[in-house]
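Student: everything below, folded, please.
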Amino acid sequence: MIPVVVDASVAIKWVLPEDDSDVAEDLVTSGAPLHAPAFIFVEFANVLWKRMRRDGLSDADATDLMARMRRAPLMLWQGEEPLPATLPLARILDHAAYDCAYLALAIQLDAVYVTADRRFWRKARAKPLFAARVRQLRDLAGQI
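Tutor: Residues are numbered from 1 along each chain as shown. Presented below is the predicted three-dimensional model:
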């Protein structure tokens, strides 16, 4: 099976009901090896913080969701420094380096990067070099 790199926009759908949560869950149960940089947990915590502020998610619920995320079947890249391709990708795509780090990991692993971040997906799709490497989560519905 082709390895898959996922970001926090996909991971949040594993623990909170959102659009395409079913597709995100199908990705987990597909048996595809799932990878992410270790900082995915920081991004995930930031999403929870936003939900606390905006939607009134309680501290206890956020703590529980974080614990559930920790049990996700992810193989983590533990590098303390960004992969060398991260900054060039950020420049090419004119996009935040932390999102480009997921793409850099996908390139290093010869994997597909699945995201629910439509803005990033549109930028990557516009570049022929990355068009086949980055997939939008919703486009996987019925294909997994």
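Student: what secondary structure does residue 5 sit in?
Tutor: Of the three states, residue 5 takes strand under DSSP: H, G, I helix; E, B strand; the rest coil.
Student: would you confirm that residue 73 contacts residue 29?
Tutor: No - look at residue 73 against residue 29 with C-beta atoms under 8 Å: they stay out of range, at 9.5 Å. Every residue, glycine included, has its C-beta placed from N, CA and C.
Student: where in the protein is pLDDT low?
Tutor: For the chain, the stretches with pLDDT under 70 are 80-81.
Student: where do the strands of it begin and end?
Tutor: 4-6, 34-37, 74-77, 112-115, 134-136 (DSSP state E).
Student: quick one, helices of the chain?
Tutor: Here the chain has its helices, by DSSP state H, at 8-15, 21-29, 40-55, 59-70, 86-93, 97-109, 118-125.
Student: how about the second one: buried residues?
Tutor: Think helix 21-29. Buried residues in helix 21-29, defined by neighbour count with 16 or more other C-beta atoms under 10 Å: 21, 23, 24, 26, 27, 28.
Student: burial measure for residue 89, as a count.
Tutor: 24 (other C-beta atoms under 10 Å).
Student: how close does the closest residue to it other than its chain neighbours sit to residue 58?
Tutor: In space, residue 89 comes closest to residue 100 once its chain neighbours are excluded; the distance is 3.9 Å by C-beta to C-beta, 6 or more residues apart in numbering. Using C-beta to C-beta, to the nearest Å, we find residue 100 at a distance of 33 Å from residue 58.
Student: neighbour count for these two, which is higher?
Tutor: Higher neighbour count among residue 100 and residue 58: residue 100, with 24 against 10, using other C-beta under 10 Å.
Student: ok, now which ones touch that one?
Tutor: For residue 100, the contact set (C-beta atoms under 8 Å, 6 or more residues apart in numbering) comprises 85, 86, 87, 89, 90, 93.
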